[in-house]
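Asker: I would like to see how this sequence folds:
(one chain, ligands or ions: 2)
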Amino acid sequence: MSRHGFELKSNEQIVLMREAGLITAAALREVRKAIRPGVTTLELDAIAEAAIVKRGAHSNFQLVDGYFHTICASVNDEIVHGIPGGRILQAGDIVSIDCGAEKGEWNGDSAITVIVPGEPTVDAGTLARRQLLSDVTEGSLWVGIAALAKAEHLHEVGSAIEDYVVEQSKLHNQRFGILDQYVGHGIGRSMHEDPPVYNFAVRELGPKVVPGLCVAIEPMITAGSNKTKVLKDGWTVSTKDGSDASHWEHTVAVHDRGIWVLTAEDGGAEKLKPFGVTPVALA
Ligand code: MG
Ligand code: MG
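Answerer: Ligands and ions are numbered 1, 2, ... in the order given. Below you'll find the predicted structure:
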């Protein structure tokens, strides 16, 4: 996926980007509601596409060269970029859904992980470990967003995410692997722009966090090693050791009065509260 230079967005542009963010959120809400045993990932893809189109937007995943779907659906040991198809979801599966919408010139990008409800086809221990994996991944996303709210430089986000994951690993005596070959990104007129947004500590400080910086933060975490492989379909990234994986993502804007989580319906208010961070809506 190509990366272009990034521009800082004005408040007016961020308000426009919020529309794309809310449409992305609505599509994921509808997909989440439809996740149940027996549904295929291709049916979920159609639900996401309809949700986006009926709101006057279009899928930005379909603008990615060689990709023809609206979501990525990554099940169990698949981490990201799973192609929707005939796979039938079963109760207890851990499935990550990644989705994005483009409205006008502006983009949203967000991902959730869901444990398929119903009478589980896996044992209670596996089910609990999958829920923990999703909770830790989602938790690390919000730690990263909260860090962005206070950061001087962008790469403080990755340090905060890594610290949290290491701490959770010790707390639960459970191995977690943070992917290092796939990272978050700037977002705006393209879904993928500079700068990269790491989910781990790096030596560089990264760009200054200034009003107009818009990024997609997206931790991808496994319940084992962080080594990955790409399946024969050329897209699906799965764990090399067969461990389960989770992916959570939000599009976040920094502006002159604070931060605003553009792909969260409440702008991030509820999840940021424990960090003492209050997101600020521009409209
Ligand atoms: Mg995404
Ligand atoms: Mg992304």
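
Asker: Could you list the low-pLDDT ranges of the protein?
Answerer: 1-5 (pLDDT under 70).

Asker: need the residues of it near ligand 1, please.
Answerer: Proximity of the chain to ligand 1 is confined to 98, 109, 111, 249 under the rule Cβ under 5 Å from the ion. Any C-beta I mention is one placed from the backbone N, CA and C, and that applies to glycine too.

Asker: contacting residues around stretch 51-63?
Answerer: 19-20, 23-24, 26-27, 30-31, 48-49, 67-72, 98-103, 107-109, 191 (Cβ atoms under 8 Å, 6 or more residues apart in numbering).

Asker: now do 6 Å
Answerer: When contacts are defined by Cβ atoms under 6 Å, 6 or more residues apart in numbering, stretch 51-63 is touched by residues 23, 26-27, 30, 49, 67, 70, 100-103, 107, 191.

Asker: if we look at ligand 2, which of the residues of the chain next to ligand 1 are close to it?
Answerer: residue 109.

Asker: Spell out which helix or strand contains the nearest residue to residue 198 once chain neighbours are set aside, please.
Answerer: Closest residue to residue 198 apart from its sequence neighbours, by Cβ to Cβ, 6 or more residues apart in numbering: residue 158 at 3.5 Å. Following DSSP states H and E, one finds residue 158 within helix 156-172.

Asker: C-terminal to that helix, which secondary structure element comes first?
Answerer: Helix 156-172 is succeeded, C-terminally, by strand 177-178 (DSSP H and E).

Asker: Run the chain-centre distance for that following strand.
Answerer: 15 Å (Cα atoms, centre = their mean, to the nearest Å).

Asker: quick one on the thing from earlier: present the residues of the chain next to ligand 1 as TSV; the columns should include secondary structure.
Answerer: Listed next are those as TSV, based on DSSP: H, G, I helix; E, B strand; the rest coil:
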residue	secondary structure
98	strand
109	strand
111	strand
249	strand
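
Asker: Roughly how far does residue 147 sit from ligand 2?
Answerer: Here residue 147 is placed at a distance of 18 Å from ligand 2 (Cβ to the ion, to the nearest Å).

Asker: helices or strands next to the one helix or strand that residue maps to in the packing?
Answerer: For residue 147, the host element (DSSP H and E) is helix 124-150. Counting by 3 or more Cβ pairs under 6 Å, 6 or more residues apart in numbering; DSSP states H and E, the packing neighbours recorded for helix 124-150 are strand 106-115, helix 156-172, strand 245-247.

Asker: check contacts around the residue nearest to residue 198.
Answerer: 198, 199, 200, 201.

Asker: what's the most distant pair in these?
Answerer: 199 and 201 (9.6 Å; Cβ to Cβ).

Asker: Tell me which of these two has more neighbours.
Answerer: residue 199 (26 against 13; other Cβ atoms under 10 Å).

Asker: tell me the SS of that one?
Answerer: At residue 199 the chain is in coil, as set by three-state DSSP.

Asker: give me every residue that touches it.
Answerer: 158, 161, 178, 219.

Asker: Residue 246 too?
Answerer: Neighbours of residue 246 in contact, by Cβ under 6 Å, 6+ apart: 96, 113, 133, 134, 137, 221.

Asker: from those residues, which single one is nearest ligand 2?
Answerer: Of all the contacts of residue 246, residue 96 has the smallest distance to ligand 2: 11.9 Å, by Cβ to the ion.

Asker: Next up, identify which helix or strand the closest one is on.
Answerer: Assessed by DSSP H and E, residue 96 sits inside strand 94-103.
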